[in-house]
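**Student:** pasting the sequence and the predicted model now:
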Amino acid sequence: MERTRLERMMVRHEGYRQHMYKCTAAKTTIGYGYNLDAGMPEDEAFMLMRMRLRKTEAELATRIPWFTSLVAERQEVLVNMAYQMGVAGLMGFKKALAAMSRGDWNTAADEMLDSKWARSDSPNRARELALVMRTGKF
């Protein structure tokens, strides 16, 4: 991506930090000098979420050979799960993924619900996403 002169200057002046740190003003900071203590406006949070969703979808398309053959609703279930628990976390759903690869949506949904994620981490989310996986519809 082509960077503007101002962007190049800001990168040089701010520097990039992947992890949170305290800046010289003792503010919790990340990235290119982003002050987390000041909070994050919703439009910026939405932009970051959108970018992460796109990256997650692209990674799933490369890691799961049959991902792009799924209907959009089932792809969205997998992206949603990977967004929450990371792609590595999603890949731990081996039985559910195997069922999905066979088009066995009932078993896939049952396997999604037979998890710590569904029992204690995010039960409402898991029930909603399992229903979409089962039916292919929101």
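**Tutor:** Cool, the structure landed.

**Student:** quick check: domain ranges of this protein?
**Tutor:** Following automatic domain parsing, one finds the domains of the chain at 5-38, 42-135.

**Student:** give me the helices and strands touching the lengthiest helix in the chain, please.
**Tutor:** Taking DSSP state H as the criterion, the chain has its longest helix at helix 42-63. When contacts are defined as 3 or more CB pairs under 8 Å, 6 or more residues apart in numbering; DSSP states H and E, helix 42-63 sits against helix 72-91. In short, each C-beta sits where N, CA and C put it, glycine included.

**Student:** after the biggest strand by length in the chain, which helix or strand is next? Please name it.
**Tutor:** Across the chain, the longest stretch assigned as strand under DSSP state E is strand 17-22. Following strand 17-22 in sequence order, the next helix or strand is strand 28-31 (DSSP states H and E).

**Student:** ok, the residue nearest to the spatial centre of the chain - contacts?
**Tutor:** By CA atoms, centre = their mean, the mean C-alpha position of the chain lies nearest to residue 83, the distance being 1.7 Å. Residues near residue 83 by CB atoms under 8 Å, 6 or more residues apart in numbering: 49, 52-53, 56.

**Student:** do that again at 7 Å, thanks
**Tutor:** Listed by CB atoms under 7 Å, 6 or more residues apart in numbering, the contact set of residue 83 reads 52-53, 56.

**Student:** among the residues you listed, which one has the most neighbours?
**Tutor:** Greatest neighbour count in the contacts of residue 83, by other CB atoms under 10 Å, goes to residue 56: 20 neighbours.
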